[in-house]
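S.K.: let me see the structure of the following:
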Amino acid sequence: MKSSTIVENNNLIKTINPTTEQILNEYNIVNSEQIKSKTRKAKSAFGEWKRDISKRIDFLHDFADELRKNTEMLAKTATLEMGKAIKESRSEVEKCAWVMEYFADNGELFVKDEVVNTDARKSIISFQPVGTIASIMPWNYPYWQALRFAAPSLMVGNTIVLKPASATMQCGIEIENTFQKIGLPEGVFQTIVGNSGVAETLIDSEDISAVTFTGSVLSGTKVAQRASSHLKKCVLELGGSDPFIVCNDADIEKASAGAVKGRFINCGQSCIASKRFIVVKKIADEFIEKFTQNVGKLKIGNPLSDETDIGPLVNRTSLENVEAIVRESVESGAEVITGGERVMNKGYFYAPTIIKNVSPKMRIAQEEVFGPIAPIITVDSEAEAIKLANDSEYGLGASLWTKNIDKAERYAEQIQAGIVTVNNVVISDPRVPFGGVKKSGYGRELSRYGMIEFTNIKSVRFYDKLVDYHHVE
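M.R.: A predicted model of the protein is given here:
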């Protein structure tokens, strides 16, 4: 995930509007002393914040209400910074309100003490917050990815220091502003302005207890190495190359409609977007025809317009990378069915593109392509489709299309991914765990499992007398 920013002298960040290519804002990068001040403040706030879960519930509900009051401002900020269609930005804000409410309503139950039977008079398992978490987040869903972590983590009693992506710095600042508006205690949630060097200093801080990161494999590897060198736990969400598998008996109307949503949401800039379309030869022509027809209905243009479906890519680097991948694919024998070129006179716009005759060995089928490109790989059988779906270094999500539920259950068990969705596209949902395997990262966000990632799972046993028959530790 690339940043659409210019950094000068390591002291200044400039954000660029990807629609107009003009500078939006300038920010001064925090220094080491400012980072130290914020992490100390977070650690100090932790002592009181963790005490009263009923107060935390109220704050999360208040935050959700405040988000909804300011939906238009927040949505416009995201659209200006990274080019997301405004209707998608509004949906992102609403989803953030939902995740806050979900954990406010269910969080207390998720971390309720568990009673277990042992040789002790009483044995319990408790879930206690670990402290202050460093949250290092990307630009493509600047509110959602920060808050899907923050909601369960704050609810359980942790405090947070967020370093947003440079491209969407104002979105990160607006999250802190929203918390301030509801009167959240000072230090519980803070945003810092910085680049990768700031992230390293944040991870190194003795006041930081753990780290969560969403981004590229390369950056995630560096984060994990740095966190582990301090014996700090981290959760990594590193993206994917999700297969979209169309079986012989798929409902082609539904699958072709789902393909548009699965690939082109957020201009294709999503970790869980469908990125490899693996279609059984028997129904390939019909699927491609209907998929192409549906893509032709998408409207490209000013992302601030309610009519727009596809806005610009986040920056020039992303645009040039998409161009290069399409060009290389065609040179290697693939065929562009629709799109395949820049559009508009200004901004980082690229037409929604479908490419067929794609080989599994092409770069377009191997890398995580962040852009509006749908490569179609045709296979002879469903068994070959499943094998190809698993032939990837990633394992975040997968979408499977079939009318046969028994087949779906069998294939879902075989697919190597953290998330499998049958007859729908992959989405994140507060009610179910989110995360991947292989190079898509480790650990889970959302649901009860995401909530307990950053807890100390403590076992406590109460005895009436010394038990003398224990012969091993």
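
S.K.: going forward, measure contacts and count neighbours with C-alpha atoms only.
M.R.: OK.

S.K.: contacting residues for the residue nearest to the spatial centre of the chain?
M.R.: Residue closest to the mean C-alpha point of the chain, counted by CA atoms, centre = their mean, is Q145 at 5.0 Å. Taking CA atoms under 8 Å, 6 or more residues apart in numbering as the definition of contact, the neighbours of Q145 are 137-138, 214.

S.K.: domain parsing for this structure?
M.R.: Under the assignment automatic domain parsing, the domains of the chain span 5-238+440-459, 242-422.

S.K.: chain neighbours aside, what residue packs nearest to E367?
M.R.: Leaving aside its sequence neighbours, E367 sits nearest to S241 (CA to CA, 6 or more residues apart in numbering; 6.7 Å).

S.K.: can you tell me how far the one you found is from G441?
M.R.: The spacing between S241 and G441, counted by CA to CA, to the nearest Å, is 13 Å.

S.K.: re the thing from before, wait, isn't the residue nearest to E367 in contact with S274?
M.R.: Yes. When contacts are counted by CA atoms under 8 Å, S241 is listed as touching S274 (7.2 Å).

S.K.: who's more crowded, these two?
M.R.: Using other CA atoms under 10 Å as the criterion, S241 and S274 rank with S274 on top: 31 against 27.

S.K.: isn't that one right next to L396, touching?
M.R.: No. Using CA under 8 Å, S274 makes no contact with L396, being 10.6 Å away.

S.K.: now the common contact residues for the two.
M.R.: Counting by CA under 8 Å, 6+ apart, the contacts common to S274 and L396 are 241-242.

S.K.: could you give the bridge partners of P243?
M.R.: When bridges are taken as DSSP bridges, the partners of P243 come out as R276.

S.K.: count of neighbours near it?
M.R.: Using other CA under 10 Å, P243 has 29 other residues around it.

S.K.: how near is it to V437?
M.R.: The spacing between P243 and V437, counted by CA to CA, is 14 Å.

S.K.: I182 now?
M.R.: 38 Å.

S.K.: and those two? Which one has more around it.
M.R.: Under the neighbour definition other CA under 10 Å, I182 and V437 were set side by side, and V437 has more, 20 against 16.

S.K.: could you pull up the residues touching that one?
M.R.: 394-396, 416-418.

S.K.: most neighbours among those residues, which one?
M.R.: L396 (30 neighbours).

S.K.: so how far is N70 from the closest residue to that residue other than its chain neighbours?
M.R.: Ranked by CA to CA, 6+ apart and with sequence neighbours excluded, the top spatial neighbour of L396 is G436, at 4.0 Å. Applying CA to CA, one obtains 33 Å for the distance of G436 from N70.

S.K.: between those two, who's got more neighbours?
M.R.: A side-by-side neighbour count of G436 and N70, using other CA under 10 Å, places G436 first with 24 against 12.

S.K.: so for K299, what's the pLDDT?
M.R.: The score at K299 is 98. That number is its pLDDT.

S.K.: quick one, what contacts it?
M.R.: Contact criterion CA under 8 Å, 6+ apart gives 307-310 as the residues in contact with K299.

S.K.: so which of the residues you listed sit within helices?
M.R.: Within those, no residue falls in helices by DSSP state H.

S.K.: of these - the most surrounded one?
M.R.: Neighbour counts for the contacts of K299 peak at I310, which has 26 neighbours (criterion: other CA under 10 Å).

S.K.: for it, which non-adjacent residue is closest in space?
M.R.: With CA to CA, 6+ apart as the measure, I300 is the residue that lies nearest to I310, at 4.6 Å, once sequence neighbours are left out.

S.K.: quick check: the one you found vs G268, distance?
M.R.: Shown here: I300 relative to G268, a distance of 13 Å by CA to CA.

S.K.: likewise for S392?
M.R.: With distances defined as CA to CA, the gap from S392 to G268 amounts to 19 Å.

S.K.: mind checking the SS state of the closest residue to S459 other than its chain neighbours?
M.R.: Across the structure, with CA to CA, 6+ apart as the measure, the residue nearest S459 apart from its sequence neighbours is I125 (4.5 Å). Taken by DSSP: H, G, I helix; E, B strand; the rest coil, the conformation at I125 corresponds to strand.

S.K.: from memory W144 sits against R90, does it?
M.R.: No. With contact defined as CA under 8 Å, W144 and R90 do not form a contacting pair (11.2 Å).

S.K.: identify the single longest helix in this structure, thanks.
M.R.: Counting by DSSP H, the longest helix found in the chain is helix 86-110.

S.K.: what ranges does the stretch 101-250 of the chain have for its helices?
M.R.: Remark: helices assigned in the stretch 101-250 of the chain by DSSP state H, counting those that start in this stretch are 144-156, 169-181, 196-204, 217-229.

S.K.: who wins for proximity to A120 among those helices?
M.R.: With respect to A120, and counting by CA to CA, the nearest of those is helix 144-156 at 27.5 Å.

S.K.: what angle do that closest one and helix 169-181 make?
M.R.: Orientation note: helix 144-156 sits at an angle of 30 degrees relative to helix 169-181 (axes from the mean of the first three to the mean of the last three CA atoms, to 10 degrees).

S.K.: re the thing from before, turn the domains of the chain into CSV, including distance to V467.
M.R.: Shown next, in CSV, are the domains of the chain (distance: least, CA to CA, whole Å):
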stretch, distance to V467
domain 5-238+440-459, 9
domain 242-422, 43
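
S.K.: of all the ones you listed, which one is nearest V432?
M.R.: Judged by CA to CA, the one of the domains of the chain that comes nearest to V432 is domain 5-238+440-459, at 4.9 Å.

S.K.: ok, which of the domains of the chain comes nearest R431?
M.R.: domain 5-238+440-459 (4.8 Å).

S.K.: I'd like to know how many residues surround T39.
M.R.: For T39, the tally of surrounding residues (other CA under 10 Å) stands at 26.

S.K.: please report phi then psi for the residue nearest to it when sequence neighbours are not counted.
M.R.: The shortest distance from T39 to any non-neighbouring residue, by CA to CA, 6+ apart, is to D207 (5.7 Å). In terms of degrees, to the nearest 10, the main-chain angles of D207 are phi -90, psi -10.

S.K.: what's the answer for Y394, then?
M.R.: For Y394, the backbone dihedrals (degrees, to the nearest 10) come out as phi -100, psi 160.

S.K.: residues contacting it?
M.R.: Applying CA under 8 Å, 6+ apart to Y394 gives the contacts 239-242, 417, 436-440.

S.K.: next one: V358 relative to G333, how far apart?
M.R.: Counting by CA to CA, the separation of V358 from G333 is 7 Å.

S.K.: and G258, that one's in a strand?
M.R.: No. Per three-state DSSP, G258 lies outside any strand segment and is helix.

S.K.: surely the residue nearest to I310 meets L313?
M.R.: No. Under the criterion of CA under 8 Å, I300 is not in contact with L313, lying 11.5 Å apart.

S.K.: mind listing what's buried along stretch 315-325?
M.R.: For stretch 315-325, the neighbour count (16 or more other CA atoms under 10 Å) marks 315-316, 318-319, 322-323, 325 as buried.

S.K.: actually stretch 244-256, not the one I wrote
M.R.: Buried residues in stretch 244-256, defined by neighbour count with 16+ other CA under 10 Å: 244-248, 250, 252, 255-256.

S.K.: of those, which is the nearest to G450?
M.R.: Ranked by distance to G450 (CA to CA), those are led by F244 at 25.7 Å.
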